[in-house]
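> Sequence below, structure please.
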Amino acid sequence: MISAVLLDLAGVIYDGAEALPGAAEAVARLRGAGLPIRFVSNTTRSSKPSILAKLERLGLAVTGDELFTPAAAACNWLRERGRSAHLLVHSDLLSEFQHLPAGSRGTAVVVGDAGDAFDYRSLNDAFRQLVDGAELLALAPKRSFRDADGRLSLDAGAFVAALEFASQKKAIVLGKPAPGFFRSALATIPCPAAAAVMVGDDAETDVAGALSAGLGHALLVRTGKYRAGDEARFSPQPTATAGDIVAAVEWILAERSGAT
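As a prediction, this is how the structure comes out:
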């Protein structure tokens, strides 16, 4: 039986500055059915407070405890291990790291979607930190994202791969599809992975990542960055494919009631 729901944000709940049709109502239906929700986003261009403010503008009341981001996971990782951060992230994300204490056990290069800050100098600075002994943290190794103009743009994954190649170091992934990211969200409910369902528009990081982490179900929506054929492109394949978040919620509630 489904006991909790993990929802992606970009491409599932909203597209750019606008909520997707029926998204707020679909989330309200899940809450009305008594299903705990956690929002698990791989965005690395926006701080947690700005994401929460955006959701409020779109008519969704989400608490900080319900929202999980790779930047928050990175801060926890750095604190626990006493590392200082060498940041290669978007300027809008810098505030997430400003209260970290200085580390006494070395440095970690933290890579997110830095946008225009991805240039030779910044990448070479990060590379030099790595060859001098720093660890490499990837906030989210996504290949692409749907940009404001409606087309796909390069995401941080390509730059993480370049740093891995040059430094001969393997990145530690903190966001999706890292199993620990899904499990840390479920641990706050708490809910066993097998009783949870993930809804996302990325067949690789959202869907295959969730199923590989042990979630019982993962639904792929045909909105956001979805492209025809994505449902068969990665393994494990989706439990089901839905037209949008509204249809995904219909599937979840039917599955929970035993009607499917």
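> which secondary element of the protein has the worst mean pLDDT?
Ranked by mean pLDDT, DSSP states H and E, the helix or strand of the chain with the weakest confidence is strand 144-146, at a mean of 84.
> Outline the domain layout of this structure.
The record, using automatic domain parsing to delimit domains, assigns the chain the ranges 4-42+176-257, 72-173.
> mean pLDDT lowest for which of those domains?
Lowest mean pLDDT of these: domain 72-173, a mean of 94.
> So which bits of the helix or strand where Ile51 lies are buried?
For Ile51, the host element (DSSP states H and E) is helix 48-57. The neighbour-count check on helix 48-57 (16 or more other Cβ atoms under 10 Å) flags 48, 51-52, 54-55 as buried. Backbone N, C-alpha and C define where each C-beta goes, glycine included.
> could you say what helices and strands it packs with?
For helix 48-57, the packing partners by 3 or more Cβ pairs under 8 Å, 6 or more residues apart in numbering; DSSP states H and E come out as strand 67-68.
> quick one: contacts for Leu163?
Shown in contact with Leu163 (Cβ atoms under 8 Å, 6 or more residues apart in numbering): 109, 111, 123, 126-127, 130, 136, 169, 171.
> let's go with 7 Å and repeat that
111, 123, 126-127, 130, 136 (Cβ atoms under 7 Å, 6 or more residues apart in numbering).
> quick check, nearest of the residues you listed to Val40?
Val111 (19.2 Å; Cβ to Cβ).
> Stretch 140-159 spans what distance, first to last residue?
End-to-end distance for stretch 140-159, by Cα to Cα, to the nearest Å: 11 Å.
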